[in-house]
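J.: Okay, sequence plus prediction incoming.
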Amino acid sequence: MLKIQDLSITYGKNPSPTVTGFSLDMKPGEIVSIVGESGSGKTTVIRAVLGCLAGGGVVSHGDIQFEGTSLTGLSKEAWRALRGTKISMIFQDSGAMINPIRKIGPQFVEYIRTHQRMSKREAWERGVEMLERMRLPSGDNIMRSYPFQLSGGMRQRVGIAMAMTFQPKLLLGDEPTSALDVTTQAQIVRQMLALREQYGTGMIIVTHNLGVAAYMADRILVMKDGRVVDQGSRDRILSHPASDYTRRLLESVPAMGGERFV
């Protein structure tokens, strides 16, 4: 489904790439987690996949292919058709991506009608349906609410509902649970896993939280200083890490009674 080959990403006039030699071959329905410290290049990679590198970032080497089509040379029109339909993204705080002075409903309706021709009433009903699938009570009331009237977990579910409206084949998550309390994190993680069961959605999840990666991912990639220093199945990474950096990450996870919960 997604194939990244020897990807390097450079910002501005900096001759040194921020990300170097990143490769990934991802199957439909697979969940891949990218872990590592801040500044390691995790978010840069998924932004490159979505074609929205900030600050003058460019793919300076390599290729990104989605369903056999290279994404590196797509036109703006082609990107507009692809984003939000076949490839969607959940941000660290989806509430921050929603206009705070507009109610949820008009924004959701506008988003749906941008990608599909339907009446405002049909789009409204589609929005309500998606919110209720995300286990938000009374989707119609949510649509009539302002973002500040919702809790952090509810806003994050709104972001997931919008991202999943067109049942994308690939969902990108940029720290989708880090802004939430532990209980809400667990709910969101379970909800995201249910998306794979319902729609067969493949996911790339960027996270600092090894516990989230261990629970969700089929495969884990560990990044440091813009490079992949370790990768493999979840069990292999957690039980037999190949790099010292991965071992140090695992050792940093708190233990209780001598048992580490990852």
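T.: Structure received. Residues are numbered from 1 along each chain as shown.
J.: secondary structure class for residue 63?
T.: strand (DSSP: H, G, I helix; E, B strand; the rest coil).
J.: Verify the contact between it and residue 5 for me.
T.: Yes. Using Cβ atoms under 8 Å, residue 63 is in contact with residue 5, at 4.9 Å. (Glycine included, C-beta is placed from N, CA and C.)
J.: joint contacts of the two?
T.: Common contact partners of residue 63 and residue 5 (Cβ atoms under 8 Å, 6 or more residues apart in numbering): none.
J.: Can you get me a residue count around residue 233?
T.: Residues contacting residue 233 under the criterion other Cβ atoms under 10 Å number 13.
J.: same thing with residue 226?
T.: For residue 226, using other Cβ under 10 Å, the count is 21.
J.: How about residue 56?
T.: Residues near residue 56, counting by other Cβ under 10 Å: 10.
J.: gap between it and residue 12?
T.: 5 Å (Cβ to Cβ, to the nearest Å).
J.: Please, which helix or strand holds the residue nearest the centre of the chain?
T.: Taking Cα atoms, centre = their mean as the criterion, residue 173 is the residue nearest the geometric centre of the chain, at 1.3 Å. With secondary structure defined by DSSP states H and E, residue 173 is part of strand 170-174.
J.: Return that strand as PDB; C-alpha atoms alone will do.
T.: Provided in PDB are the C-alpha atoms of strand 170-174 (Å, rounded to 0.1, in the frame of the first residue of the first chain):
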ATOM      1  CA  LEU A 170      -4.100   5.200   5.400                       C
ATOM      2  CA  LEU A 171      -4.400   7.100   8.700                       C
ATOM      3  CA  LEU A 172      -1.500   9.200  10.000                       C
ATOM      4  CA  GLY A 173      -1.400  10.000  13.700                       C
ATOM      5  CA  ASP A 174       0.900  12.700  15.100                       C
END
